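1. sequence first, then the predicted structure:
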Amino acid sequence: MRSTIRLVTALIAALVMLGATLSTGTASATERSTEKARKFHVFKELSGGGQNGKFYVKGQVVTAKNKVVKLQKKACKRCGFKSFKQQRTTKAGRFNFKFGGKVGDCFRIYVPANATHKATNKWAGCIVRR
């Protein structure tokens with residue numbers, strides 16, 4: 001009798017666990033399908049350069065008109081990128097950053113996510129000695 005009760009209890013617990021797994025699996029599949037629908041921001045152009053310790057990065061993000069874009073800086077190989085400067089793009093999506101730095105600093109452009117596009121990074125370059 002006792003073994004039958006244990007068997008029934010184990011069977012009910014297994015069914016509850018199976019139901020919980022199926023319900024969360026469906027929700028995560030729905031979340032994944034909406035996430036896949038979002039695309040990355042589109043950079044039409046990106047250029048940069050500089051001399052004598054003064055540098056610039058300019059470009060155009062077609063999908064981020066009148067939105068904030070950030071210039072991120074990485075100070076060493078093991079360091080992560082951190083926001084360095086930010087500005088709002090024009091109504092055409094153009095931006096222009098002017099900045100200084102030291103040899104070894106690396107930079108990228110970061111465009112935050114919105115309802116239709118994912119967060120996007122675009123490599124701008126590193127400062128090197130010539």
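-> Received, thanks.
2. show me the strands in the chain, by range?
-> Under the criterion DSSP state E, strands of the chain are mapped to 39-40, 43-51, 54-61, 68-74, 82-88, 94-99, 106-111, 117-118, 120-126.
3. what are the buried residues along stretch 53-68?
-> Under the neighbour-count criterion of 16 or more other C-beta atoms under 10 Å, stretch 53-68 has 55, 57-61, 63-64, 67 buried. C-betas here are computed from N, CA, C, even on glycine.
4. next, the contact list for F40, please.
-> Contact partners of F40, counting by C-beta atoms under 8 Å, 6 or more residues apart in numbering, are 117-118, 120.
5. got the strands of the chain as a markdown table, with mean pLDDT columns?
-> Formatted as a markdown table, the strands of the chain follow (pLDDT from 0 to 100):
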| stretch | mean pLDDT |
| --- | --- |
| strand 39-40 | 93 |
| strand 43-51 | 90 |
| strand 54-61 | 94 |
| strand 68-74 | 96 |
| strand 82-88 | 96 |
| strand 94-99 | 95 |
| strand 106-111 | 96 |
| strand 117-118 | 94 |
| strand 120-126 | 93 |
